[in-house]
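Student: give me coordinates for this.
(chains A and B)
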2 protein chains.
Amino acid sequence: MEMSSKLLEKAVAEISQLPGIGKRTALRLALHLLKQPPEQSQHLAEALKKMREEIKFCNQCHNISDNDVCELCANPLRDKTIICVVEDVRDVMAIENTGLFKGQYHVLGGKISPIDGVGPSQLTISSLVAKVKAGDVKELIFALSSTMEGDTTNFYIYKQIKDCNVVTSAIARGIAVGDELEFADEVTLGRSIIQRVPFENSFKNN
Amino acid sequence: MEMSSKLLEKAVAEISQLPGIGKRTALRLALHLLKQPPEQSQHLAEALKKMREEIKFCNQCHNISDNDVCELCANPLRDKTIICVVEDVRDVMAIENTGLFKGQYHVLGGKISPIDGVGPSQLTISSLVAKVKAGDVKELIFALSSTMEGDTTNFYIYKQIKDCNVVTSAIARGIAVGDELEFADEVTLGRSIIQRVPFENSFKNN
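Tutor: Residues are numbered from 1 along each chain as shown, chains lettered A, B, ... in the order given. Model (predicted):
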């Protein structure tokens, strides 16, 4: 699209590099910023720059952090003997939002996926295995997405730590709370029957 | 959402102030930037800041511009006696993309809409009327969107210049080229019958 301003053109080109944002949306966003007070663009620009330059990854769990060790790992009230293994930072946030997990996390940074060119070495698997082999971990909870890549990653890790003295578990799969049976897919429904829990336990939220 | 980094939280808060971008999308964009080389975030931040600080509005047509007078107004090859009146910068780009208009533009900056709190004084109407009254304009083409607000704005301007020696026209409304009649709405179809053109003219692209 022919634009009457190179400054606008440059801004639109940069915005449209973001995933899921095309040229048209980028233009809409740029024109919106031009209508707002200059402070909004300044604050946005500074927040993006500062975030990218200063953000760190926790050297223990690889979660995003403002310090070398993240708040979750630094918290003395959290149980260091239970580690929940997740793919990415968003999974940590999702589980934290439930308020029901008081252990620690380990962020893999993805899952093994040869098609996408992601092998074990690109993930933080070796640091997880080292943690388990050090002997302080009692339980490892696998909370990866239940796809072929997720299962592959779970097994890859499992094989390396199965001789260690550690309990391994996986988060429960089944019908979502509030969902109706008739609309559930058969794999999920099947699993939720096979992996049924004692009725007295089925109310428990803690 | 609970985040482990204040830097990330701040960036997400700023991104989600953009229209049509919620917290979840903002988080996705921020995490994407964290995975890219730092230069991408830097360039994006700089382009936004520079655009907002340095962009100007053409003092003749009110189009977005890098200089006091935009490229279109400064172009000696364009006909200064025909002015196309549009709502906003995007409309200029859309008409320029057709390559079929060689006159000048006048960007109103919106349309009269009491519900949205936009009155004539917030638009660049007085500068348009002054241009017409100065006497060099032969034709004014109204190219606002055909809504109640667009029509109101057209009439408001028309009333102020109707005694001047200027031809006024409005862009043609009708069935889009390539569209089938049966799917057209009746108002558009009706107009395209009332405002029919001589057959010999109906092929013309120039």
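
Student: got a pLDDT number for residue A:154?
Tutor: Among the per-residue scores, residue A:154 shows a pLDDT of 94.

Student: cool, and residue A:206?
Tutor: With respect to pLDDT, residue A:206 has a value of 62.

Student: how's chain A carved up into domains?
Tutor: Residue ranges for the domains of chain A, per automatic domain parsing: A:6-54, A:76-171.

Student: can you give me the neighbour number for residue A:130?
Tutor: Residue crowding around residue A:130 was assessed by other CB atoms under 10 Å in any protein chain shown; the count is 9. To be clear about C-beta, it is placed using only N, CA and C from the backbone, and glycine gets the same treatment.

Student: for chain A, which segments count as strands?
Tutor: Taking DSSP state E as the criterion, chain A contains strands spanning A:56-57, A:64-65, A:82-86, A:104-107, A:139-142, A:167-170.

Student: if I look at residue A:112, how far off is residue B:31?
Tutor: The span separating residue A:112 from residue B:31 equals 20 Å under the rule CB to CB, to the nearest Å.

Student: chain A: helices as residue ranges?
Tutor: Taking DSSP state H as the criterion, chain A contains helices spanning A:6-15, A:23-35, A:38-54, A:71-74, A:89-98, A:125-133, A:148-161, A:186-194.

Student: quick check: which of the ones you listed is buried the most?
Tutor: Comparing the helices of chain A by mean neighbour count (mean count of other CB atoms under 10 Å in any protein chain shown), helix A:6-15 comes out on top with a mean of 20.

Student: just the angle between that one and helix B:23-35, please?
Tutor: Using axes from the mean of the first three to the mean of the last three CA atoms, to 10 degrees, one finds that helix A:6-15 and helix B:23-35 are set 90 degrees apart in direction.

Student: angle of helix A:6-15 against helix B:89-98?
Tutor: Angle of helix A:6-15 versus helix B:89-98, following the same axes, to 10 degrees, is 90 degrees.

Student: what sits against the residue nearest in space to the middle of chain A?
Tutor: Among the residues of chain A, residue A:88 comes closest to the average C-alpha position under CA atoms, centre = their mean, at 2.4 Å. When the contact criterion is CB atoms under 8 Å, 6 or more residues apart in numbering or on different chains, the partners of residue A:88 are A:107, A:108, A:109, A:110, B:31.

Student: which of the residues you listed sit farthest apart?
Tutor: Distance extremes for the contacts of residue A:88: the farthest pair is A:108 and B:31 at 14.5 Å, using CB to CB.

Student: coming back round to it: out of the domains of chain A, which comes closest to residue B:151?
Tutor: When the domains of chain A are ranked by proximity to residue B:151 (CB to CB), domain A:6-54 comes first, at 23.8 Å.

Student: give me the mean pLDDT for the closest one.
Tutor: Domain A:6-54 shows a mean pLDDT of 94.

Student: what does stretch A:133-150 give?
Tutor: Per-residue pLDDT values over stretch A:133-150 give a mean of 92.

Student: touching chain B at all, that stretch?
Tutor: No. In terms of CB under 8 Å from any CB of the partner chain, no part of stretch A:133-150 sits within range of chain B; the closest distance is 15.8 Å.

Student: give me the residues contacting that stretch.
Tutor: Under the contact criterion CB under 8 Å, 6+ apart, stretch A:133-150 has outside partners A:80-87, A:91, A:95, A:103, A:108, A:111-113, A:131-132, A:151, A:153-154, A:157-158, A:161, A:164-171, A:173.

Student: how long is it from one end to the other?
Tutor: Distance between the boundary residues of stretch A:133-150 (CA to CA, to the nearest Å) amounts to 22 Å.

Student: ok, now which ones touch the nearest residue to residue A:164 once chain neighbours are set aside?
Tutor: Using CB to CB, 6 or more residues apart in numbering or on different chains and skipping the chain neighbours, the partner closest in space to residue A:164 is residue A:132 (5.3 Å). With contacts defined as CB under 8 Å, 6+ apart, the neighbours of residue A:132 are A:83, A:140, A:161, A:164, A:166.

Student: same question, residue A:82
Tutor: Shown in contact with residue A:82 (CB under 8 Å, 6+ apart): A:102, A:103, A:104, A:137, A:138, A:139, A:141.

Student: can I get the residues you listed in TSV including neighbour count and distance to residue A:197?
Tutor: What follows is those, written out as TSV (neighbours: other CB atoms under 10 Å in any protein chain shown; distance: CB to CB, whole Å):
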residue	neighbour count	distance to residue A:197
A:102	10	21
A:103	18	21
A:104	21	25
A:137	22	25
A:138	15	22
A:139	14	18
A:141	19	16
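
Student: no further questions, thank you.
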